[in-house]
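A.B. asks: just need the structure, nothing else, for what follows:
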Amino acid sequence: MQKKIQLKNLDCANCARELEEEIVKIEGVRSASVDFLHQRILLEYESEATLSAVISAANSFESVRVVASPAEQKSGAWAEHRAEIIALIAAAVCLVAGIALEYTLAERFLAARIVSYVLFGAAYFTVGWKILLETVKNIAHGRIFDENFLMTIASIGAIALGQYAEAAEVMVLYCLGELLQSVAVGSSRRSIASLMDLKSETATVLTEDGERTVPPEEIRKGDVLLVKAGEKIAADGVIVKGRTSLDTKSLSGEAMLRDVAEGDAVLGGSINAGGVIEVRAEKDYSESTVAKILDLVENSAAKKAKTEKFITKFAKVYTPLVCAAALIVAFLIPAFTGAYAANLGEWVNRALVFLVVSCPCALVISVPLSYFSGIGFAAKYGVLVKGSTGLDALAKARVAAFDKTGTLTYGDFEIARVHGDFAEEVLAIAAAAEKNSSHPLAAAFCGVSTPYTAENVTESAGMGLECDIEGKRTFVGNAKLMRSHGFEVPGYAGGTLVYVARGGEYLGCVEIEDKIKENARGSLAELKSRGFRECCILTGDNAVRAEAVAKSVGADTVYAELLPDEKLNIARKLKEKGALMYVGDGINDAPVLMEADVGVSMGGVGSDAAIEASDVVLMRDDLSLLPFARRTAVRTRSIVAQNIVFSIAVKVIVMVLGLLDLIPLGLAVFADVGVMMLAVVNSFRTRIDFRKKPQKNGKECCAAGGHCACSGEKEH
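C.D. replies: Numbering: from 1, shown residues only. Alright, predicted model coming up:
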């Protein structure tokens, strides 16, 4: 059984890691992942007793609580923490006043010294009481080495050494860091949620009794939805009344409005930018495009890259190791340096610096936040990435392989010419056979009238059709099919060729043309400039046509006339040259998409197979999304590396300075808070791309002769 358990008050990334470790130990838990950014547990379990144990464990973990649904956060990031801010201000005032007294009147007046101690105590307990309470609770549950415990030990150690101001500083600065962390994470959660704001809050269903307002989850196939101007379409469907313009930017990244009328298919998540329309739902909401997109993006946190897994393992051992180092500094070093009693206080003070930097929050927060920000940014412009694994694979890819039809070309086939002595008969026979095929090429014959009827039709994958027409065995397909039956066929430069043989005689062929996408050459050139060593084409089409397309788009290598299993074998060989990115339509190429290190499907809106088979789904038929996706993946991976190196480097520097007694305790806390904040801020840079976004320009697209280079849709 699987379940998503919603949480609240999960404001610490390291706590999320510790909670996950605790949950996976519960008997009956098959797998568990705590999604810090969405505040939830993704759980696979065996029984209701296991589920109850998990919920109890979550509720007993610090201030975390299990809730029925995500808490609405309508107020600003700072407004949610008003009580903490007031407490921090009061504590800071007490701390500053105490320090002022200590350095002025306390040395001369006992009363002033006592007042300064009271002020330090007030500052300490005003913000620190929750930390002390959580420490006691955690010890009772057998949990130590968390940040509450470490800060408590560090501050009590300072008090034991008579450093009352430093103890208050540690607590105030730590609580300030926790507040800033909570605000930053809350802001990030809102920002990422706004990128995927596709779901409508309610839907209006038309019934015999009038209008009924329901949650989108209650929409069923066949329901008629009333959609007014400015409202989102709640589920995939067909317009049964009215005409309007749709804003699909949040769904596919498409900037231009799309005009639709009665009979046109529409996707859930589109915004009605014009008149009132009525839409008949073609799917239940749970099966709609918007539901699947949201589920894909939200569940991306469960697919962790190797870097994320490394950070989780590193964080698990980092805190105990630093604490062990602190014990060595505090007790073993002075024991070997002589004058143990005289030096003990000095070395304990140095060890306290180790304790305050022993929490790996900067790493545990910034790494998943960087990945998720990158995924959210890509989704905003129509690129869906399945987790940080897909993003990392896209960044590492060095060889790009493309399907030809529908990927580098539009896939809108038209009959260009017919070769043969009996052209009309060749065309009619081909049309009769192709009416029984589901291959995209068959669409070119839809408007061709034919007096023939094909019987006993069998289709050979990647080759063509065999059938009986008027009692004669007929073959309609590519050159490979013809050769397999002993026919020698000519080659023609130009389009895709569909050969026809009947009754043991070769009759001729139909030449079908498919226009190459205008931005194909530029997109492949940019991919090469961004680290791809080779771009190649894998196609079942004839070699002459494939070579012509390769020359037009700038591909390096062509593998033509391939059967599906041959495509798979070529993909395996290409992987020996480097990490492979395969780009296809997500339906006919599903095995190759899954074999590649990163599978990318084009025009994936509404395609269940595309979403299932691919690591990356391009939501519209626009090749310029590929270089954009690559840029986003590489930049995200770079920022993750920066955060890891920066966070570890600062902590090591602080520990070295602490060991040499060159940094006071308060400044060490400040440095630890600072590195965490800088890492979080750096994570947000994954959502910034100063280059041209992959958006559509209406004038340029419509000037392209009626065929839009950006969306692949006909423009009128």
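A.B. asks: hey, let's count contacts and neighbours off CA atoms from now on
C.D. replies: Will do.
A.B. asks: now Tyr506: phi and psi?
C.D. replies: Per-residue torsions, Tyr506: phi -80, psi 130 (degrees, to the nearest 10).
A.B. asks: which intervals of this protein have sub-threshold pLDDT?
C.D. replies: 69-80, 188-189, 191-198, 252-255, 297-303, 338-342, 493-494, 586-588, 604-611, 689-716 (pLDDT under 70).
A.B. asks: the domain parsing of it - what is it?
C.D. replies: The chain breaks down by automatic domain parsing into domains covering 2-67, 75-195, 203-285, 380-409+517-634, 414-513.
A.B. asks: please identify the most buried of those.
C.D. replies: domain 380-409+517-634 (a mean of 22; mean count of other CA atoms under 10 Å).
A.B. asks: strands of the stretch 451-600 of the chain, start to end?
C.D. replies: 454-460, 464-469, 472-477, 496-502, 505-513, 534-538, 557-559, 580-584, 598-601 (DSSP state E, counting those that start in this stretch).
A.B. asks: for these, which one sits closest to Met619?
C.D. replies: Closest to Met619 of the strands of the stretch 451-600 of the chain, according to CA to CA: strand 598-601, at 8.6 Å.
A.B. asks: show me what the closest one is packed against.
C.D. replies: Judged by 3 or more CA pairs under 8 Å, 6 or more residues apart in numbering; DSSP states H and E, strand 598-601 is in contact with helix 387-396, strand 580-584, helix 590-595, strand 616-618.
A.B. asks: what residues are up against the closest residue in space to Phe377 that isn't next to it in sequence?
C.D. replies: Distance criterion CA to CA, 6 or more residues apart in numbering; nearest residue to Phe377, sequence neighbours excluded, is Arg687 at 5.2 Å. For Arg687, the contact set (CA atoms under 8 Å, 6 or more residues apart in numbering) comprises Ser373, Gly374, Gly376, Phe377.
A.B. asks: most surrounded residue in these?
C.D. replies: Gly374 (31 neighbours; other CA atoms under 10 Å).
A.B. asks: tell me where the stretch 1-150 of the chain has strands.
C.D. replies: 2-8, 29-35, 40-45, 65-67.
A.B. asks: now tabulate those strands in CSV and tack on distance to Ala324.
C.D. replies: Below are these laid out as CSV (distance: least, CA to CA, whole Å):
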stretch, distance to Ala324
strand 2-8, 33
strand 29-35, 28
strand 40-45, 32
strand 65-67, 32
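A.B. asks: what is the helix of greatest length in the chain packed up against?
C.D. replies: The longest helix of the chain (DSSP state H) is helix 625-659. On a contact count with 3+ CA pairs under 8 Å, 6+ apart, helix 625-659 meets helix 340-356, helix 361-380, helix 387-396, helix 520-529, helix 665-683.
A.B. asks: at 10 Å instead, please
C.D. replies: helix 306-327, helix 340-356, helix 361-380, strand 383-385, helix 387-396, helix 520-529, strand 616-618, helix 665-683 (3 or more CA pairs under 10 Å, 6 or more residues apart in numbering; DSSP states H and E).
A.B. asks: and the helix or strand following the first one, which residues are buried?
C.D. replies: Reading on from helix 306-327 to the C-terminus, the next helix or strand found by DSSP states H and E is helix 333-337. Within helix 333-337, the residues scored as buried using 16 or more other CA atoms under 10 Å are Pro334.
A.B. asks: chain center to helix 333-337, what's the gap?
C.D. replies: 52 Å (CA atoms, centre = their mean, to the nearest Å).
A.B. asks: other SSEs contacting it?
C.D. replies: Against helix 333-337 (3+ CA pairs under 10 Å, 6+ apart) you get helix 340-356.
A.B. asks: now the helix it packs on against helix 306-327, angle please.
C.D. replies: If you take axes from the mean of the first three to the mean of the last three CA atoms, to 10 degrees, helix 340-356 sits at 160 degrees to helix 306-327.
A.B. asks: in helix 340-356, what's buried?
C.D. replies: Buried, per 16+ other CA under 10 Å, within helix 340-356: 343-345, 347-356.
A.B. asks: tell me which two of these sit farthest apart.
C.D. replies: For the buried residues of helix 340-356, and using CA to CA, no pair is farther apart than Asn343 and Val356, which are 21.0 Å apart.
A.B. asks: quick one on the thing from earlier: for Leu657, find the nearest of the helices and strands packed on strand 598-601.
C.D. replies: Comparing these by CA to CA, helix 387-396 comes nearest, at 35.4 Å.
A.B. asks: C-alpha coordinates for that closest one, CSV please?
C.D. replies: Taking Å, rounded to 0.1, in the frame of the first residue of the first chain, the C-alpha atoms of helix 387-396 are listed here in CSV:
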residue,chain,number,x,y,z
GLY,A,387,13.3,14.2,-10.3
SER,A,388,16.9,15.2,-9.8
THR,A,389,18.0,11.9,-11.4
GLY,A,390,16.6,13.1,-14.7
LEU,A,391,18.2,16.5,-14.3
ASP,A,392,21.6,15.1,-13.5
ALA,A,393,21.4,12.6,-16.4
LEU,A,394,20.5,15.5,-18.8
ALA,A,395,23.5,17.5,-17.5
LYS,A,396,25.9,14.5,-18.0
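A.B. asks: isn't Ile311 right up against Val645?
C.D. replies: No: the criterion here is CA atoms under 10 Å, and Ile311 misses it with Val645 at 11.8 Å.
A.B. asks: who's more crowded, those two?
C.D. replies: Ile311 (17 against 12).
A.B. asks: now do the contacts for the more buried one.
C.D. replies: Tyr318, Pro360, Leu363, Val364, Val367, Pro368, Ile644 (CA atoms under 10 Å, 6 or more residues apart in numbering).
A.B. asks: mind giving me the PyMOL command for buried ones among the residues you listed?
C.D. replies: Buried residues within those, by 16+ other CA under 10 Å, are selected in PyMOL with:
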select buried, resi 318+360+363+364+367+368+644
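A.B. asks: and the two most separated of the contacts of Ile311?
C.D. replies: Tyr318 and Pro368 (17.8 Å).
A.B. asks: pick out the residue closest to the middle of this protein.
C.D. replies: Ile375 (3.3 Å; CA atoms, centre = their mean).
A.B. asks: tell me who's in contact with the nearest residue in space to that residue that is not next to it in sequence.
C.D. replies: The spatial neighbour of Ile375 that comes closest, neighbours along the chain excluded (CA to CA, 6+ apart), is Val385 at 6.1 Å. Contact analysis of Val385 by CA under 10 Å, 6+ apart lists 296-297, 300, 372, 374-376, 378-379, 391, 394, 600, 611, 614-618, 629, 633.
A.B. asks: now do Asn148
C.D. replies: 62, 128, 130-136, 138, 154, 174, 359.
A.B. asks: on that earlier part again, what sits in contact with each of Ile311 and Val645?
C.D. replies: Joint contacts of Ile311 and Val645 (CA under 10 Å, 6+ apart) are Leu363.
A.B. asks: adding distance to Glu211, write the contacts of Arg687 out as a markdown table.
C.D. replies: Putting the contacts of Arg687 into a markdown table (distance: CA to CA, whole Å) gives the following:
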| residue | distance to Glu211 |
| --- | --- |
| Ser373 | 39 |
| Gly374 | 41 |
| Gly376 | 35 |
| Phe377 | 37 |
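A.B. asks: hmm, Ile271 is touching Val227, no?
C.D. replies: Yes: using CA under 10 Å, Ile271 is in contact with Val227, at 9.1 Å.
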